[in-house]
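Enquirer: Pasting a predicted model and its sequence here:
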Amino acid sequence: MRDFKRVLLLGTGPTTIQLAVTLKNQLSCYIGVVGRESARSDCFFSSLKQSDQRIRASIQNEKHRKLKGECSINHVFKGYETIEGKWDTLIFSVTTDAYIEVLKQMNEKFLKQVSCIVLISPTFGSNSLIRNYMSNLNSNTEVISFSTYYGDTRWMHDKPSNHVITTGVKKKLYIGSTQPLSENVDRLCKVYEQLDITLEVMKSPIEAETKNISLYVHPPLFMNDFSLNAIFENINIKKYVYKIYPEGPITQYLIRDMLAQWKEIMNITDKLNIKSVNLLQFMTDDNYPVRLESLSRQDIENFNRLEDIHQEYLLYIRYTSLLIDPFSEPDEEGKYFDFSAVPIRKMFINRGGYLEIPRMPKEDYYRMKIIQGISKYLDVDCPTIDKFIKTYENKIEKVAQDHKNSLLSNAFIVQSFEKDIMMICHELEKGMI
């Protein structure tokens with residue numbers, strides 16, 4: 001049976017709307033959307049109902065016009081336990097820490113007839129996690145991992161609705177499947193080619209999952225005292241993610257930790273026979289380029305072979321070069337676009353009335369705990385990753401204590417994610433035998 005005929009999108013975030021429009025435009029799929037019922041998703045579901053399930057994706061930049069469009073959702077389910085009918089493909093557009101929670105809410109008989117699962121924005125080990133769950137159901141479902149989602153998509157009017165805007169699009173992504181010579185991967189490559197996005201096929205899904213820049217930069221940028229104070233303390237002065245201290249967290253010590261964490265992850269991937277990532281080349285060629293006057297091609301391409309202090313120096317140059325957008329047009333006063341002025345988001349009251357932690361660093365905590373678990377299983381020493389986790393856990397424990405009379409989300413609980421780690425490591429062991 002050919003997949004991508006009946007596609008069910010899991011999640012009620014802005015990426016779901018953009019993905020639905022793209023798949024309708026490119027593959028003419030029958031599209032369904034499902035999400036859990038919550039205060040946040042209520043706005044989404046009611047907006048879909050008011051628009052007669054019509055959705056719309058707008059763009060900020062005309063060169064991304066192929067992502068623009070409107071279409072109708074064929075079916076909407078409120079709650080994963082309410083899914084009915086046959087769906088050949090499931091596309092996960094939920095946070096990585098919710099994958100198993102979502103699967104457990106679905107009917108096992110329904111899951112067994114799904115032939116393909118696509119992870120749009122997984123973390124290191126997500127494919128192994130899903131594969132283990134599905135194999136325990138005696139299902140041979142193909143599981144595909146992208147390196148990350150292809151754009152920066154948000155709600156058009158800052159609240160859940162049927163209308164999103166995509167403000168940025170990545171030039172290159174990576175993909176890997178549990179199925180060698182996958183027809184579904186070929187199909188997705190053609191879709192992304194139509195969007196002018198290069199999609200490079202990796203030998204394995206976990207190799208694609210190592211090609212996510214967030215894995216290497218978010219933990220050092222967010223899981224430090226400076227950023228955590230900006231997130232959790234009552235400080236009125238804005239602080240920025242990508243700025244140099246004191247406007248932001250970037251210091252020589254943060255850069256040292258970023259480099260050390262990358263090396264620890266590379267020690268893990270070496271054990272798994274996965275090709276190493278050249279961090280500086282990945283940052284500049286696949287993410288945000290800088291001018292050659294700032295970083296030479298020789299330094300970028302030989303980064304892995306340089307001494308630690310030289311590598312730290314080049315990473316620091318990379319971040320200082322991106323304080324402004326080096327390719328923007330200067331104004332009359334010679335000022336370039338303030339590229340690094342991304343505010344550090346503060347904890348907030350969610351729609352359910354609970355004190356909540358922003359997606360960054362909440363998702364990074366799960367990501368780091370999984371990598372820490374894999375490192376222990378493989379007997380790889382990761383002191384920098386351990387330090388990030390300890391710093392973060394100490395902070396959320398203190399904040400929870402300081403707000404013990406407030407309603408707190410589950411994000412303030414120190415967690416082990418032990419079951420997820422065991423499932424991932426079981427699959428990794430199969431691959432290493």
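Expert: Alright, I've got the coordinates.
Enquirer: For Gln311, see how far away the residue nearest to Thr384 when sequence neighbours are not counted is.
Expert: Closest residue to Thr384 apart from its sequence neighbours, by C-beta to C-beta, 6 or more residues apart in numbering: Ala260 at 4.2 Å. Any C-beta I mention is one placed from the backbone N, CA and C, and that applies to glycine too. Ala260 is 10 Å from Gln311, where distance means C-beta to C-beta, to the nearest Å.
Enquirer: and these two? which has more neighbours close in?
Expert: Gln311 (22 against 17; other C-beta atoms under 10 Å).
Enquirer: per-residue confidence at that one?
Expert: Gln311 is assigned 98 on the pLDDT scale.
Enquirer: swap in the one 3 residues further on?
Expert: On the pLDDT scale, Leu314 is placed at 98.
Enquirer: wait, is it part of a helix?
Expert: Yes - counting by DSSP: H, G, I helix; E, B strand; the rest coil, Leu314 is found in a helix.
Enquirer: Would you agree it is in contact with Asp299?
Expert: Yes - counting by C-beta atoms under 8 Å, Asp299 is a contact partner of Leu314 at 5.6 Å.
Enquirer: which neighbours do the two share?
Expert: Jointly contacting Leu314 and Asp299 under the rule C-beta atoms under 8 Å, 6 or more residues apart in numbering are Leu280, Leu306.
Enquirer: Compare the two and say which is more crowded by neighbours.
Expert: More crowded of Leu314 and Asp299, by other C-beta under 10 Å: Leu314, with 23 against 20.
Enquirer: Okay, and the most centrally placed residue in the chain sits in which element?
Expert: For the chain, the residue nearest the mean C-alpha position is Ser121 (4.4 Å; C-alpha atoms, centre = their mean). Secondary structure assigned from DSSP states H and E places Ser121 in neither a helix nor a strand.
Enquirer: who's in contact with the residue nearest to it when sequence neighbours are not counted?
Expert: The shortest distance from Ser121 to any non-neighbouring residue, by C-beta to C-beta, 6+ apart, is to Tyr149 (4.5 Å). Contact partners of Tyr149, counting by C-beta under 8 Å, 6+ apart, are Thr15, Ile120, Ser121.
Enquirer: Arg54 too?
Expert: Taking C-beta under 8 Å, 6+ apart, one finds Glu70, Cys71, Ser72, Ile73, Asn162 in contact with Arg54.
Enquirer: need these in JSON lines with neighbour count, distance to Glu101 and secondary structure, can you?
Expert: Output for those, formatted as JSON lines (neighbours: other C-beta atoms under 10 Å; distance: C-beta to C-beta, whole Å; DSSP: H, G, I helix; E, B strand; the rest coil):
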{"residue": "Glu70", "neighbour count": "15", "distance to Glu101": "32", "secondary structure": "strand"}
{"residue": "Cys71", "neighbour count": "20", "distance to Glu101": "29", "secondary structure": "strand"}
{"residue": "Ser72", "neighbour count": "13", "distance to Glu101": "29", "secondary structure": "strand"}
{"residue": "Ile73", "neighbour count": "22", "distance to Glu101": "23", "secondary structure": "coil"}
{"residue": "Asn162", "neighbour count": "22", "distance to Glu101": "26", "secondary structure": "coil"}
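Enquirer: closest to Glu62 among these?
Expert: Glu70 (17.2 Å; C-beta to C-beta).
Enquirer: Present the contacts of Tyr149 as CSV; the columns should include distance to Leu292 and pLDDT.
Expert: Shown next, in CSV, are the contacts of Tyr149 (distance: C-beta to C-beta, whole Å; pLDDT from 0 to 100):
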residue, distance to Leu292, pLDDT
Thr15, 34, 98
Ile120, 33, 98
Ser121, 31, 97
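Enquirer: Could you export these as TSV, including distance to Lys430?
Expert: Compiled in TSV, these are given as follows (distance: C-beta to C-beta, whole Å):
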residue	distance to Lys430
Thr15	31
Ile120	25
Ser121	24
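Enquirer: Quick check: of those, which lies closest to Ser416?
Expert: After measuring the contacts of Tyr149 against Ser416 - C-beta to C-beta - the closest member comes out as Ser121, at 23.1 Å.
Enquirer: what are the ranges of the helices in the stretch 101-250 of the chain?
Expert: Counting by DSSP state H, counting those that start in this stretch, the stretch 101-250 of the chain has helices at residues 108-112, 126-135, 183-194, 205-209, 214-222, 225-232.
Enquirer: rounded to a whole number, what's the mean pLDDT of the first one?
Expert: Think helix 108-112. 96.
Enquirer: quick one: buried residues of that helix?
Expert: For helix 108-112, the neighbour count (16 or more other C-beta atoms under 10 Å) marks Phe110, Leu111 as buried.
Enquirer: Which strands or helices does that helix pack on?
Expert: The helices and strands touching helix 108-112, judged by 3 or more C-beta pairs under 8 Å, 6 or more residues apart in numbering; DSSP states H and E, number zero.
Enquirer: And the contacts of it?
Expert: Ile83, Trp87, Leu103, Met134, Leu137, Asn138, Ser139, Thr141.
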